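# what follows is a predicted structure for the sequence shown.
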Amino acid sequence: MKPQSKYEKIKRIISSLKQPHYRYLQIIDSIFKQKISSFEEMTILPKFLRNELIKEFDNNLLSVIPILERKSDQVSKILFAIAGGERVEAVRLSYKRGWESYCISSQCGCGFGCRFCATGTIGLKRNLTTDEITDQLLHFYFNNHPLDSVSFMGMGEALANPFLFDTLKILTDPELFGLGHRRITVSTIGILPGIYKLMKDFPQVNLTFSLHSPYDEQRSELMPINDRFPLDEVMKALDSHIQQTGRKVYIAYILLRGINDSIKHAEAVANLLQGRGLWEHLYHVNLIPYNSTDATPQSFKESDLISVKMFVQTLKSRRIHVTVRTQFGSDINAACGQLYGSD
């Protein structure tokens, strides 16, 4: 049986104590309007109700405990302790135009073993609960940071966590976090059942697909998931997603020097994305500079600037929409593929 979220538990407690529904609304208002992070401080509630809530949850509303923060230019990375003595990380990105974006974790570790990713070297410890995922954001919110946009690009494969869809319900619930669907991005290495479920249940949530090689054989070497969900099948699912939702699909592509950054690779990416029908213009490639870590093979290196430039020019010459992602946080191991959950 899946665990209930704290919001469902609060409703259950209020109901069991035969309290009116407005008590629930008072608690939600205390959390999301007044940023009160402990039940003891919710003095609008009768004492006996506060005591019952404290008995159930302790006094702290958060199921994740911040134990370390590292800061760099425009980036803050938080290491959280979670139940079972494990650790997960979340990253806050501050853009110069005043926008705050969050990269949150959905699993403790990851079981898919992509060879260039530090998180993958840990293996999967467990899925995070709905509360553990949403509480990463609540921590930032309680610390007076606006929740402008959220991406599931932290530790783990979001579409492999069965609690993801309950999490999305909570994040988009107007009574709770109230995030617009288009402010949320789910990133996947190509979990087909999850892609189809996201398309059905949350069609307006942004979808990013991690490609990293246009060649099946090489992609399988870099990302073993490709043997289970081959590239051709994933691309058909992405075509369906675009057709049914009318939304862009982002193609994430980490550039690895001498491995997948040649002009030949760029041409193959263009071949993959062209000729897919009227909707092909809705594919957008995000090129990501590789970030090395102590946990990943030293044979992987960042592409040189000339190779990046040639890759971009090749895609543009084939009328493929492409952006080179701005790099943040690599100096504190907070960039793409670097989250490791250690102090």
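Sure, I can see it. Given the structure is predicted, the values throughout are model-derived calculations rather than measurements.
# ok, and for the helix or strand where Lys309 lies, which residues are buried?
In the assignment (DSSP states H and E), Lys309 maps to helix 305-317. Of the residues in helix 305-317, those with enough neighbours to count as buried (16 or more other CB atoms under 10 Å) are 307-308, 310-312, 314-315. Bear in mind the C-beta positions are built from the backbone N, C-alpha and C, glycine included.
# ok, stretch 20-32 next?
For stretch 20-32, the neighbour count (16+ other CB under 10 Å) marks 23-24, 26-28, 30-31 as buried.
# kindly report the same for stretch 263-283.
For stretch 263-283, by 16+ other CB under 10 Å, it's 265-270, 272-273, 276, 279, 282-283.
# pipe those into CSV and attach pLDDT and distance to Ile67 per row.
Shown next, in CSV, are the buried residues of stretch 263-283 (pLDDT from 0 to 100; distance: CB to CB, whole Å):
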residue, pLDDT, distance to Ile67
His265, 97, 41
Ala266, 97, 42
Glu267, 96, 47
Ala268, 97, 44
Val269, 97, 41
Ala270, 97, 45
Leu272, 96, 43
Leu273, 96, 42
Arg276, 92, 46
Trp279, 89, 45
Leu282, 96, 41
Tyr283, 97, 40
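# tell me which two in the residues you listed are the farthest apart.
For the buried residues of stretch 263-283, the maximum inter-member distance is 23.5 Å, found between His265 and Trp279 (CB to CB).
# about what we covered before: quick check, nearest of the buried residues of stretch 263-283 to Lys47?
Nearest member of the buried residues of stretch 263-283 to Lys47, counting by CB to CB, is Leu282, at 55.5 Å.
# what separation is there between the closest one and Arg247?
7 Å (CB to CB, to the nearest Å).
# now do Gly154
Look at Gly154 and Arg247: by CB to CB, they are 22 Å apart.
# of those two, who's got more company?
Gly154 (25 against 18; other CB atoms under 10 Å).
# contacting residues around that one?
88-91, 103-106, 136, 339 (CB atoms under 8 Å, 6 or more residues apart in numbering).
# sort out which of the residues you listed are buried, if you could.
Buried residues within these, defined by neighbour count using 16+ other CB under 10 Å: 88-91, 103-106, 136, 339.
# ok, those residues vs Val234, which is closest?
When the buried ones among the contacts of Gly154 are compared for distance to Val234 (CB to CB), Ser106 wins out at 19.0 Å.
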